[in-house]
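Peer 1: just a sequence and a predicted model for now, questions to come.
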Amino acid sequence: MADNSYPPLDHPRRIADIWVQAWNRRDADRLAALFEADAEFVNVTGLWWHDRAAIRRAHDYGLRTIFDQSTIALVDRRVRWLVGGPDGDPAVATVHAKMELEGQTAVADVDDPRPRRTIFTFVVRRTEEGWRCASAQNTDVVPGAETNVIDDQGRMRSVSYRSGDPPDWN
């Protein structure tokens, strides 16, 4: 039975809308339902899940432990059509969605984690049940940084190779 409290998956842009609503409701089942059974998902640290069940387990854990008081908001979104279907309508698209996350759970020496911005990339295609995500990746936006570097102690940090003010590419 369809959950009518969420918008229909009648357009690729809805993936980002439903992601935000399900996240804020701590609804790992609905997050997972956005994905095809054999979907891929890469998170901000490079953890890689290979099917809907693994995506659901990871987000259920995260929403109960790491993000149990968090909210996420959609800041910007763009849809890019990739392939047209047999009827001429687009059947595959990418959805890039900039989101802002607040309220992450404190950890170690960080008592009050500050808001983060991320960019989700969803690769979606039209199915008989509506639009579903075949692959997704979430990337942190690191202000003022161009890339990451690992030091001689094995610690990763974000850096910029530019002198002065780095460009605002976000």
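Peer 2: Sure thing, it's come through. These numbers were taken from a predicted model, which means no experiment stands behind them. Numbering: from 1, shown residues only.
Peer 1: where is the longest helix in this structure?
Peer 2: Longest helix of the chain, by residue count under DSSP state H: helix 52-65.
Peer 1: for the record, mean pLDDT for the helix or strand following that helix?
Peer 2: Using DSSP states H and E, the helix or strand that follows helix 52-65 towards the C-terminus is strand 71-84. The pLDDT scores in strand 71-84 average 93.
Peer 1: quick one: the helices in this structure, in order.
Peer 2: Going by DSSP H, the chain shows helices at 14-24, 28-33, 52-65.
Peer 1: tell me how many other residues crowd Gly113.
Peer 2: Not Gly; residue 113 is Pro. The number of residues packed near Pro113 is 15, by other C-beta atoms under 10 Å. The way it works is simple: take the backbone N, C-alpha and C, and place the C-beta from them, glycine included.
Peer 1: which strands and helices lie in contact with the longest helix of the chain?
Peer 2: If you count contacts as 3 or more C-beta pairs under 8 Å, 6 or more residues apart in numbering; DSSP states H and E, helix 52-65 packs onto helix 28-33, strand 35-42.
Peer 1: now the first one: buried residues?
Peer 2: Put plainly, it is helix 28-33. Buried residues in helix 28-33, defined by neighbour count with 16 or more other C-beta atoms under 10 Å: Ala28, Arg30, Leu31, Ala32, Ala33.
Peer 1: pull the CA atoms of it into CSV?
Peer 2: C-alpha atoms of helix 28-33 as CSV (Å, rounded to 0.1, in the frame of the first residue of the first chain):
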residue,chain,number,x,y,z
ALA,A,28,14.6,4.5,7.0
ASP,A,29,12.0,2.3,5.3
ARG,A,30,10.8,5.2,3.1
LEU,A,31,14.4,6.3,2.4
ALA,A,32,15.2,2.7,1.2
ALA,A,33,12.0,2.6,-0.9
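Peer 1: and it, how far out from the chain's middle?
Peer 2: Its chain's C-alpha centre and that of helix 28-33 lie 13 Å apart, by C-alpha atoms, centre = their mean, to the nearest Å.
Peer 1: packing partners for it?
Peer 2: helix 14-24, helix 52-65.
Peer 1: quick one on the thing from earlier: what does the longest helix of the chain contact?
Peer 2: By C-beta atoms under 8 Å, 6 or more residues apart in numbering, the residues outside helix 52-65 that reach it are 23, 26, 28-29, 31-33, 35-39, 41, 43, 47, 49, 105.
Peer 1: now do it against strand 35-42, angle only.
Peer 2: On the basis of axes from the mean of the first three to the mean of the last three C-alpha atoms, to 10 degrees, helix 52-65 is oriented at 60 degrees to strand 35-42.
Peer 1: cheers, nothing more for now.
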